[in-house]
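In: Provided below for reference: sequence and predicted model.
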Amino acid sequence: MIKRLIKKFFGSSDSETTKMAKAKKTTHPATAKLKTLTVKQHGIDPELVSNNAVRVTQTLQQEGFKAFIVGGAVRDLLLGVKPKDFDIATDATPEQVKRLFRRAFIIGKRFQIVHVMFGSDLIEVTTFRGSSIAGAPIDEFGRVLRDNTFGEQPEDATRRDFTINAMYYNPANQTVLDYHGGMADIRKKMLRIIGEPEERYREDPVRMLRVVRFAAKLQFDIAPTTREPIALMATLINNVPAARVFDEMLKLLTSGHALACLQQLRQEGLHHGLLPLLDVVLEQPLGAKFVTLALNNTDERVRQGKTVSPGFLFAAMLWHQVLEKWQAYQVSGEYPIPALHLAADDVLQTQTESLAIQRRIGSDMRDIWALQPRFERRSGKSPYRLIEHPRFRAGLDFLILRAASGETEPEIASWWTAFFAADFAERDEIMTEKSTALSKGKSRTGKKAAPLMPDMTENENTSSFNQVVEGVETTSAAPKKRRRRSKKTAVE
Ligand code: ATP
Ligand code: MG
């Protein structure tokens, strides 16, 4: 209350930017097109709105600020879909927002935003952006490097990417402010960039990837003027920092429509030569079935509300590249396990240059790949040790995919599935059955080993992943004798 009174009479000390923006009261062109939609016109179901998002708008409004739910959440609400996250737009500065909430953190350089936390629920609060990026620093291709100019709401609406993402919902009076005809485009199922498309893609080339993601995810058409410049401007994505491209790729792959997104990327000419990952995924004949299965599987998990591990996803997409290099290293004389690790290093290195695969994700990928040959060993203590591995589940899921794609024997995958599901006594039984079957003359794996999987059981100690890693570290210094011996094996 006291705070509010002080603010009323003296204004807030840190609201210089807001005050300046308010001082120039010129009418923005977007204001002329503004439509205010009532419940009857927009039909948003308040049940689908997050309580925490409402709490944030209420708190800000009680302090005299404007506050709206904005962006993808409004779009999803208008489509009758429960939004996965909620963004708030306000005329309060990040500092002012931070002061109003117990757990609030200012983050970001390019765009400063505030993360307001309620338990594990995260609400993102953004201050209205100004329309002038004239003074903002840009790179040599016109990409805006930093932009923290605050402004008025109509300017903020014009700075957003698509008409359907530029609507503001006020839970207090249940109205939607629509500055760019977003509601009409939702009805037409049309994705349309705001402003001059070439200029918008130049400012931020990631918008081209966003077009693809939303078109595939929402099954919307792309307006011809929004679509046309993409093929010409696609290479601009090369100048975007790798970490940002990675974030956008991850969103694309975990959208629940990964396969459709990748097909659309190809259709828009956005895949070729841009991201090595996509070249690999979309142009490898051998891995196509495996990748399709992996992506379908991921899409299904997302639709069922299950979590998706980025490490698993990227491991799947790059597996056939790993297999190719793995074989090549063995042909050149490496033992199978070190060869697998060298292949993993190569593949991860190439992808990291343009995709910045985070270290944690890279390490998950390595684990999943390194587990694969260990599934070949089904005797002695090995299976008992393997199921204790922290990535066993992911490794087994990966094995199941490989079996489903025809790369390895389905019998191995079902054996491990049964072994994993069994209790202690049953596991011993399964092992006894296995050795009885073996003594009756069957091969180690029950059937012939899959052609792409080298037999890891003869020379290498595969008892723990750490040992495997150590194996790699010593590879470059591996004695010549070992190499010669394994070359001979490879030739044989
Ligand atoms: P999703 O369902 O994937 O979260 P979203 O539209 O909410 O979709 P976010 O990345 O969360 O996407 O962004 C929130 C909002 O911020 C967008 O709806 C859009 O208004 C704006 N926005 C995000 N990225 C850009 C961009 N690159 N250029 C312009 N506006 C953007
Ligand atoms: Mg969002």
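Out: Received the coordinates, thanks. Since the model is a prediction, treat every value here as computed from it, not as a measurement. Ligands and ions are numbered 1, 2, ... in the order given.

In: low-confidence ranges, the stretch 301-450 of the chain, go.
Out: 353-355, 434-450 (pLDDT under 70).

In: how about the nearest residue to Arg159 once chain neighbours are set aside, phi and psi?
Out: Spatially, and ignoring its direct neighbours in sequence, Arg159 is nearest to Arg129 (4.6 Å; CB to CB, 6 or more residues apart in numbering). C-beta coordinates here come from the backbone N, C-alpha and C atoms, glycine included. The phi/psi pair for Arg129 (degrees, to the nearest 10) reads phi -90, psi 150.

In: quick one: average pLDDT of the helix or strand harbouring Pro154?
Out: Assigned by DSSP states H and E, Pro154 belongs to helix 153-159. For helix 153-159, the mean pLDDT works out to 94.

In: packing partners for that helix?
Out: helix 29-32 (3 or more CB pairs under 8 Å, 6 or more residues apart in numbering; DSSP states H and E).

In: could you list the buried residues of the helix it packs on?
Out: Residues of helix 29-32 classed as buried: Ala30 (neighbour count, 16 or more other CB atoms under 10 Å).

In: next: stretch 287-298.
Out: 287, 290-291, 293-295, 297-298.

In: nearest to ligand 1 among those residues?
Out: Within those, distances to ligand 1 taken as CB to the nearest ligand atom reach their minimum at Thr298, with 15.8 Å.

In: before we move on, back to that, quick check: bridge partners of the residue nearest to Arg159?
Out: On the basis of DSSP bridges, Arg129 is bridged to Phe150.

In: ok, now which ones touch it?
Out: Counting by CB atoms under 8 Å, 6 or more residues apart in numbering, Arg129 makes contact with 111, 147, 149-151, 155-156, 159.

In: tell me which stretches of the chain form strands.
Out: Taking DSSP state E as the test, the strands found in the chain are 35-37, 67-70, 86-90, 104-107, 113-118, 121-127, 167-170, 175-178, 190-191, 221-222.

In: how near is Ala418 to ligand 1?
Out: As judged by CB to the nearest ligand atom, to the nearest Å, Ala418 and ligand 1 stand 39 Å apart.

In: list the contacts for the residue lying closest to that residue once chain neighbours are set aside?
Out: Once flanking residues are discounted, Ala418 sits nearest to Ile430: 6.3 Å by CB to CB, 6+ apart. Contact analysis of Ile430 by CB under 8 Å, 6+ apart lists 415, 418-419, 422.

In: from those residues, which ones fall inside helices?
Out: 415, 418-419 (DSSP state H).

In: which parts of the stretch 101-250 of the chain sit against ligand 1?
Out: 160-161, 165-166, 204, 206-207 (CB under 6 Å from any ligand atom).

In: need those in JSON lines (columns: neighbour count).
Out: What follows is those, written out as JSON lines (neighbours: other CB atoms under 10 Å):
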{"residue": "Arg160", "neighbour count": "21"}
{"residue": "Asp161", "neighbour count": "20"}
{"residue": "Asn165", "neighbour count": "22"}
{"residue": "Ala166", "neighbour count": "25"}
{"residue": "Asp204", "neighbour count": "18"}
{"residue": "Val206", "neighbour count": "19"}
{"residue": "Arg207", "neighbour count": "19"}
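
In: between the residues you listed, which is nearest ligand 2?
Out: Lowest distance from ligand 2 to these (CB to the ion) belongs to Asn165, with 8.8 Å.

In: the residue lying closest to that closest one once chain neighbours are set aside: how many residues sit nearby?
Out: Closest residue in space to Asn165, ignoring its immediate chain neighbours: Gly71 at 5.2 Å, by CB to CB, 6+ apart. Gly71: 25 surrounding residues under other CB atoms under 10 Å.

In: residues in contact with Gly71?
Out: Gly71 is in contact with 87, 89, 160, 165-166, counting by CB under 8 Å, 6+ apart.

In: out of the residues you listed, who's nearest Gln267?
Out: Proximity of those to Gln267 (CB to CB) peaks at Asn165, which lies at 21.6 Å.

In: that closest one and Asp76 touch, don't they?
Out: No. Applying CB atoms under 8 Å, one finds Asn165 not in contact with Asp76, separated by 10.3 Å.

In: quick one: Gly287 and Ala316 touch, right?
Out: No. Applying CB under 8 Å as the test, Gly287 and Ala316 come out as separate, 9.0 Å apart.

In: ranking the contacts of Arg129 by neighbours, who comes first?
Out: Neighbour counts for the contacts of Arg129 peak at Asp156, which has 26 neighbours (criterion: other CB under 10 Å).

In: any idea how many residues pack against the closest residue to that residue other than its chain neighbours?
Out: Spatial nearest neighbour of Asp156, excluding adjacent residues (CB to CB, 6+ apart): Phe128 at 3.8 Å. The tally of other residues near Phe128 (other CB under 10 Å) stands at 25.

In: show the pLDDT at Phe128.
Out: 95.

In: can you pull the contacts of it?
Out: By CB under 8 Å, 6+ apart, the neighbours of Phe128 are 21, 66, 89-91, 150-153, 155-156.

In: separation between it and Asp91?
Out: Going from Phe128 to Asp91 by CB to CB, to the nearest Å gives 5 Å.

In: what separation is there between the residue of the stretch 351-492 of the chain found nearest ligand 2 and Arg366?
Out: For the stretch 351-492 of the chain and ligand 2, the shortest gap (CB to the ion) falls at Gln358, measuring 20.4 Å. Going from Gln358 to Arg366 by CB to CB gives 13 Å.

In: could you do Ile164 as well?
Out: From Ile164 to Arg366 the distance is 40 Å (CB to CB).

In: out of the two, which sits in the busier spot?
Out: Ile164 (31 against 24).

In: please name the nearest non-neighbouring residue to His180.
Out: Spatial nearest neighbour of His180, excluding adjacent residues (CB to CB, 6+ apart): Thr163 at 4.2 Å.
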